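> missing the sequence, but the structure's below:
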């Protein structure tokens, strides 16, 4: 495996990502949209998730494809971001056809960033607007770090952010990940700069610091209440997958989250992974390529998590330092 040309989830052809953020609010939205509807699955392992339209991603449900996936800050307020995306897609004539109507299918997930120091005294929920703006900005190239859904994210001891990474597999399939890292756990080892994801780093993409020594007595665990964290992610491929296979890829990708964040999947996190499959390429070997796809998705997600924190930038009012401020 090797990184794709951009080392972003959009190395999966036909996918675009748009970000919108309000740095005064310290929050934002990220949207993944395809040139055409795509197969999607989801798997939740955190104890405090916040989601929209995830039930219809089960393999036995009527709708088998979606128009977009949304990652948002804002806790339950952020679920409104998907409404802004759905409105814009409907205006563009996209959506599941029901008689004369088109109904865009836009599942979403949120993270909690309401106590990060930003101005949360809005009179009108800003997330519907941010969702629409993020969709309008959707492109092959996009910024990571303190943008989109990662604009106000935090981890145990460092500022979080939005991350992405990709690989091209030996069989030619492409896999990518997009993640907003707002974890209760830590992404670096103890008091050092080394990332838990260091064994999977490619081409020095998050500092090439290597693997540090781990002393469990020095792991930071901040005081947070249930629902105040959450890492939400999307893994994508150009393989032709069923909804059941996409769900299996999402399940496997959680291994990458557990490798990159310690601890992960806690009762206080709503950790969730969506999977997206554009269907452009057939699986050469359905059995073993599904194994390899899951492995590649986990590696991409671990790397994307480290890159989210590595590329975070300092902004006024931050409660935590960035990785670059502390170790750069």
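Arrived safely. In this text the structure is predicted, and so the values were computed from the model without any measurement. Residues are numbered from 1 along each chain as shown.

> Assign a three-state SS to residue 178, would you?
Of the three states, residue 178 takes strand under DSSP: H, G, I helix; E, B strand; the rest coil.

> mind listing what it touches?
With contacts defined as CB atoms under 8 Å, 6 or more residues apart in numbering, residue 178 is in contact with 8-9, 17, 30, 32, 71, 162-164, 233-234, 236, 304. (C-beta placed from N, C-alpha, C; glycine too.)

> Just the strands from the chain, written as ranges.
Listed in chain order, the strands of the chain (DSSP state E) span 15-22, 27-44, 51-52, 65-72, 96-98, 101-103, 108-110, 161-168, 174-181, 232-239, 272-281.

> Mean pLDDT and distance to residue 195 for those strands - can I get that in CSV?
Listed next are the strands of the chain as CSV, based on pLDDT from 0 to 100; distance: least, CB to CB, whole Å:
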stretch, mean pLDDT, distance to residue 195
strand 15-22, 98, 23
strand 27-44, 97, 21
strand 51-52, 96, 28
strand 65-72, 97, 21
strand 96-98, 90, 40
strand 101-103, 93, 41
strand 108-110, 98, 24
strand 161-168, 98, 11
strand 174-181, 98, 11
strand 232-239, 98, 16
strand 272-281, 97, 19
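
> what's the most buried one of those?
Per-residue neighbour counts averaged over each of the strands of the chain give the maximum for strand 174-181, namely a mean of 32 (mean count of other CB atoms under 10 Å).

> what's the angle between it and strand 272-281?
Orientation check (axes from the mean of the first three to the mean of the last three CA atoms, to 10 degrees): strand 174-181 against strand 272-281 gives 160 degrees.

> and residue 35, what is it in contact with?
With CB under 8 Å, 6+ apart, residue 35 has these contacts: 14-16.

> again, 6 Å this time
In this structure, residue 35 makes contact with residue 14, judged by CB atoms under 6 Å, 6 or more residues apart in numbering.

> who wins for proximity to residue 4 among the strands of the chain?
Evaluated with CB to CB, the strands of the chain place strand 161-168 nearest to residue 4, the distance being 3.7 Å.

> Run the chain-centre distance for the closest one.
Distance of strand 161-168 from its chain centroid, counting by CA atoms, centre = their mean, to the nearest Å, is 9 Å.

> Just list what it packs against, helices and strands only.
Strand 161-168 is packed against strand 174-181, helix 286-310, with contacts defined by 3 or more CB pairs under 6 Å, 6 or more residues apart in numbering; DSSP states H and E.

> any idea which of these scores lowest on pLDDT?
Per-segment mean pLDDT for those reaches its minimum on helix 286-310, at a mean of 94.

> For the contacts of residue 178, give me TSV that also has distance to residue 181.
Written out in TSV, the entries for the contacts of residue 178 read as follows (distance: CB to CB, whole Å):
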residue	distance to residue 181
8	16
9	14
17	16
30	12
32	16
71	11
162	8
163	6
164	11
233	9
234	13
236	17
304	8
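
> Which member of those is positioned nearest residue 105?
When the contacts of residue 178 are compared for distance to residue 105 (CB to CB), residue 32 comes out closest, at 13.0 Å.

> mind checking how far that closest one is from residue 319?
28 Å (CB to CB, to the nearest Å).

> same check, this time on residue 59
41 Å.

> Now residue 327: closest residue in space that isn't a chain neighbour?
residue 193 (3.6 Å; CB to CB, 6 or more residues apart in numbering).

> could you measure the one you found against residue 112, distance?
26 Å.

> All set now, cheers.
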